[in-house]
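[1] let's see this in three dimensions:
(chains A and B)
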Amino acid sequence: MLFARPKTLKDNGVLGMNKRNIDFIGRYNPRKYYKRVDDKLTTKQLALANDIAVPALIGTVTQQHDIAHIPEMVNNQDGFVIKPSQGSGGKGILVITKVENGRYFKPNGNEVTPSEIDRHVSNILSGLFSLGGKPDVAIVEGLIQFDPVFDGYSFEGVPDIRLIVFKGFPVMGMLRLSTAASDGKANLHQGAVGVGLDIATGKGLHAVQFDRPIELHPDTDKRLIDIAVPHWDTLLHTASKAYEMSELGYLGTDMVLDQKLGPLLLELNARPGLAIQIANGQGILPRLKHVEQMKNKSMSVEERVAYAKKHFSNTSVA
Amino acid sequence: MHSRKPFYILVALLFLAGVAASIYRGIEHNVPFLPGKQVQSWAVDAKVSFQGVGEAAEVTFSLPSDPAFEILVENATSPGYGLTIADDEFGRHATWSTRNAIGQQDLYYKVTLVPTGKNEIQANSEPAQPEPFSWPATEKAAAEQIMDEIWSRSATNLSFAQQLNKSFNATERSQNIELLLSGNSPASLFVNMLNSKGIPAQKVSVLFLEDQRRRQQLTTFVEVYHQGQWILFNPADGTQGRPANLMIWDRTGKSTLDVVGGVNSQVNFSMLQDTRSALATSIDVLKNKDALDFSLYQLPLEEQSLFKGILLIPIGVLMVVFLRVIIGIKTSGTFMPVLIALAFIQTTLLTGLIGFLLIVAFGLMIRSYLSELNLLLISRISAVIIVVIGIIGLFTLISYKFGLSEGLTITFFPMIILAWTIERMSILWEEEGAKEVVVQGGGSLFVATLAYLAMSAAWVQHWVFNFLGIHLVILAVVLLMGQYTGYKLLELRRFRPLAGE
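    Next up, the predicted model:
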């Protein structure tokens, strides 16, 4: 059958785009706080003020004539990332993993000429990647030395951990692994692999690529379900803390594991996508409803994480 | 959480107001619900002629006033005469006047009429009890005998009139009736007898409408009051009611034509049936009634045609909202497909699609060169805009040289939109590859095509301009869709793995 019956999806608690927009984003995310997550520079500053670890900030470029300073800015770095402060959906992110005598190389080994970098930053400043074409700021970040625990699971890119946080409770999580098909990017619609994670343990539950269940990583043939994300409790706490920091009720947190620094908050998303349900092989709605029914009990970050681990785990709940 | 009730009430009100306004427009103003609908109209010419006797002449002529016909246009031609058209206690009438009339005089009155379908003549008020007719001594006995005899056979005023009318036209008429008819016209006799019994009745002058007839005369009918209505009788043949092709010219009961200062006056009618657009007809009728005070029809034609285009946008927008919210198709740029669809309306679909693809393809080629120059975004887009204008100019010229008139319509594409499309597509190409360009561009063109098909349907164009209430309905539907929390059609496919199959 080409289409699922709406009734079946509803019974399985699958959240649809329209319901997400109206009943969750519209209701729980006050418009005035969007800037905290839409502007990555602001997010970074907020995170630092709240003792949340983030990737190192090498510098920012706000004016076209500052573009000339980029080479000296990245002079001593092994690699760096240039991203638009107000970009969305991973657009406009340029990753340089190797700097050699003023020559720059992408993760796949291709060289990027300095003039290409100049143009990319110029495009960012002109607002090509920002919502509504507003003039933007380019952020130059330190490259993440990602934790070797994912070796063999990710192809060319940084694996990242997405947690959906609803009213401060981490409700669902997934690990995004880039593939050859996704060109080193971690976006599921571009062909990255999504692995649903158990909220209590951070262990793999279910994996998909292009919305279809898979067992083995397409490039490395490793069994995806066997993944167990380390530093899981820190990840849950960081995500939960992001609620107080952003004051957004329905939030997507994207984090990475750095070899030395541990979990780093990469960015927050006020409109997280719905693919996490497919990666987990189950709908998110029952968990959201559960949190909604708890009314306004004020709980600490620790209490919320403990509560989530108890109630939203696949291993403890049948 | 606040209640959604006021919202749904608002939507329901908008919907009902829109539907009601449209129905009102259709029924009350006779605006046809379907485009291209035709109605029959009648062009009637009245020719008043008389012999002038060399002195001042004044001609008073009754003008038609029949609820079953709407007057669309009327005019009178009469060189050398002063003319007034008045509506007073003597009814609607035209008065021609001149200081000196000698010899044959011809005055013309032309009127175009549209049937309204209101065939019953409602009485505005209860007519006064008529004065009983005083019969001449020679007729009194015969008349009273007939009246008494028929009165006893009837139950109501109406049945009395029916019986009376029948007895005038029976094959074997009584001697009394023969006697009375030898000195009176059937109509006068009929009215006199009814009035003698206290029944309001009067003569009316009517015209039988027949296509391409000339030199027709008015005929006399009688109308009899019965329970708030005037019922028509034809005393000449004993029938009751209004024949389909009958038009009442004069209901005052007085003479239709009065000539002072002339002799041998007469009036002849000729008529022609015509077919005209129902829409144009109702607009003309509205104009005559001065009902256009606050309406798009009173705008100059140029602005009207502009509005015809603008009022199509809600349809395109509705289409985009539906395709995005309910179906789940992604478009590049929210309303870009609507603007492209508007351009398609000018260019027609196939020419539009080919033109769009040609311009974007050429634009992408030139854009790929511009990208090597490392320009700032603003100047790059500006350069693309100028290049797009150049491409459009070039294509227009080439198609003109080859005699392809379709190619000339390419100028209707909104250039800024095209330039932005080219820029976005180019970035998309660099970041995600050519395949994504085809997918996203194709999706936008698909939505634009559907929007075009909806916007170019003749009945849609007819409705959005002539029934403005439809826009309230669209607004209600768009608001309602904005509250739709169900699954999009394409999500049913996307989330199929979660349906447990």
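[2] per-residue confidence for the closest residue to chain B within the stretch 1-150 of chain A?
    Using Cβ to the nearest Cβ, A:S126 is the residue of the stretch 1-150 of chain A that sits closest to chain B, at 3.1 Å. For glycine as for every other residue, the C-beta is placed from the backbone atoms N, C-alpha and C. pLDDT recorded at A:S126 is 84.
[3] what comes up buried for the helix or strand encompassing B:V222?
    In the assignment (DSSP states H and E), B:V222 maps to strand B:219-226. By 16 or more other Cβ atoms under 10 Å in any protein chain shown, the buried positions in strand B:219-226 come out as B:T220, B:F221, B:V222, B:E223, B:V224, B:Y225, B:H226.
[4] also stretch A:33-45?
    A:Y33, A:R36, A:V37, A:D38, A:D39, A:K40, A:L41, A:T42, A:T43, A:K44.
[5] mind checking pLDDT for the last one?
    Note on A:K44: pLDDT of 91.
[6] let me see the contact set for B:G469.
    Shown in contact with B:G469 (Cβ atoms under 8 Å, 6 or more residues apart in numbering or on different chains): B:A17, B:G18, B:V19, B:A20, B:A21, B:S22, B:Y24, B:R25.
[7] for whatever residue of chain B ends up closest to chain A, what are phi and psi?
    At 3.1 Å from chain A, B:L377 is the closest residue in chain B, using Cβ to the nearest Cβ. Dihedral angles of B:L377 (phi, psi; degrees, to the nearest 10) stand at phi -50, psi -50.
[8] show me what contacts it?
    A:S122, A:N123, A:S126, A:G127, A:L128.
[9] among those residues, which pair sits farthest apart?
    Spatially, the most separated pair among these is A:S122 and A:G127, at 10.8 Å (Cβ to Cβ).
[10] what residues are up against the residue most central in space within chain A?
    For chain A, the residue sitting closest to the mean C-alpha position, by Cα atoms, centre = their mean, is A:D254 at 2.6 Å. Taking Cβ under 8 Å, 6+ apart, we find A:D254 in contact with A:D160, A:I161, A:R162, A:L265, A:L266, A:E267, A:L268, A:N269.
[11] in strands, which of those fall?
    A:D160, A:I161, A:R162, A:L265, A:L266, A:E267, A:L268, A:N269 (DSSP state E).
[12] not counting sequence-adjacent ones, nearest residue to the second one?
    Yep, that's A:I161 we're talking about. By the measure of Cβ to Cβ, 6 or more residues apart in numbering or on different chains, the closest residue to A:I161 outside its immediate chain neighbours is A:M255, 4.8 Å from it.
[13] now the element after the helix or strand harbouring B:S152, going C-ward?
    Here B:S152, judged by DSSP H and E, is contained in helix B:137-153. Using DSSP H and E, the helix or strand that follows helix B:137-153 towards the C-terminus is helix B:157-168.
[14] what lies in contact with that following helix?
    Here helix B:157-168 has contacts from B:146, B:150-151, B:153-154, B:173-174, B:177, B:181, B:186, B:189-190, B:193-194, B:197, B:199, B:201, B:224-226, B:231, B:233, B:235, B:238-240, using Cβ under 8 Å, 6+ apart.
[15] redo that, cut-off 7 Å
    Helix B:157-168 is touched from outside by B:150-151, B:153-154, B:177, B:186, B:190, B:193-194, B:197, B:199, B:224, B:226, B:231, B:233, B:235, B:238, B:240, with contacts defined as Cβ atoms under 7 Å, 6 or more residues apart in numbering or on different chains.
[16] for those, I'd like a selection string for ChimeraX - just the buried members, please.
    Per 16+ other Cβ under 10 Å, the buried members of the contacts of helix B:157-168 correspond to this ChimeraX selection:
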select /B:150,177,186,190,193,194,197,199,224,226,231,233,235,238
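[17] tally of neighbours for the closest residue to B:A46 other than its chain neighbours?
    Leaving aside its sequence neighbours, B:A46 sits nearest to B:Y109 (Cβ to Cβ, 6+ apart; 4.5 Å). When counting by other Cβ atoms under 10 Å in any protein chain shown, one arrives at 23 neighbours for B:Y109.
[18] what's the spacing between B:Y109 and A:P213?
    According to Cβ to Cβ, to the nearest Å, B:Y109 stands 87 Å off from A:P213.
[19] surely the residue of the stretch 1-150 of chain A closest to chain B touches B:R380?
    No. In this structure, A:S126 is not within contact of B:R380 by Cβ atoms under 7 Å, at 8.6 Å.
[20] list residues touching both of the two?
    With Cβ under 7 Å, 6+ apart, A:S126 and B:R380 have no common neighbours.
[21] phi and psi next, for B:L113.
    phi -120, psi 140.
[22] look at B:D290 and report its pLDDT.
    66.
[23] swap in the one 4 residues further on?
    What the model reports for B:F294 is a pLDDT of 64.
[24] quick one: which helix or strand includes A:G196?
    strand A:193-197.
[25] can you name every helix or strand that that strand contacts?
    Under the contact definition 3 or more Cβ pairs under 7 Å, 6 or more residues apart in numbering or on different chains; DSSP states H and E, strand A:193-197 sits against strand A:169-177, strand A:204-209, helix A:275-280.
[26] buried sites along the helix or strand containing A:E72?
    Using DSSP H and E, A:E72 falls within helix A:70-73. Buried residues in helix A:70-73, counted by 16+ other Cβ under 10 Å: A:I70.
[27] so which bits of the stretch 201-318 of chain A are right by chain B?
    Proximity of the stretch 201-318 of chain A to chain B (Cβ under 7 Å from any Cβ of the partner chain) is limited to residues A:D211, A:R212, A:P213, A:Q277, A:I278, A:G281, A:Q282, A:G283.
[28] distance check, the residue nearest to the second one when sequence neighbours are not counted against A:A4.
    Distances taken as Cβ to Cβ, 6+ apart put B:P497 closest to A:R212, at 6.7 Å, once the chain neighbours are dropped. Distance, B:P497 to A:A4, by Cβ to Cβ: 9 Å.
[29] neighbour count winner among those two?
    Using other Cβ under 10 Å as the criterion, B:P497 and A:A4 rank with A:A4 on top: 22 against 17.
[30] I'd assumed the more buried one was in a helix, is it?
    No. Using DSSP: H, G, I helix; E, B strand; the rest coil, the assignment for A:A4 is coil, not a helix.
[31] residues in contact with it?
    A:A4 sits next to B:L492, B:F495, B:R496, B:A499 when contact means Cβ under 7 Å, 6+ apart.
[32] quick one: it from A:G281, how far?
    With distances taken as Cβ to Cβ, A:A4 is found 14 Å from A:G281.
[33] over to A:I58?
    A:I58 sits 39 Å away from A:G281, going by Cβ to Cβ.
[34] ok, B:K166 next?
    90 Å.
[35] which of these two has more neighbours?
    Neighbours were counted for B:K166 and for A:G281 using other Cβ under 10 Å; A:G281 has more, 17 against 13.
[36] isn't that one right next to A:H206, touching?
    Yes. Counting by Cβ under 7 Å, A:G281 does reach A:H206; the two are 3.9 Å apart.
[37] check what contacts stretch A:27-47 and list those residues.
    In this structure, residues lying in contact with stretch A:27-47 by Cβ under 7 Å, 6+ apart are A:54, A:57, A:60, A:83, A:85-86, A:131, A:137, A:139, A:245-250, A:265, A:267-270.
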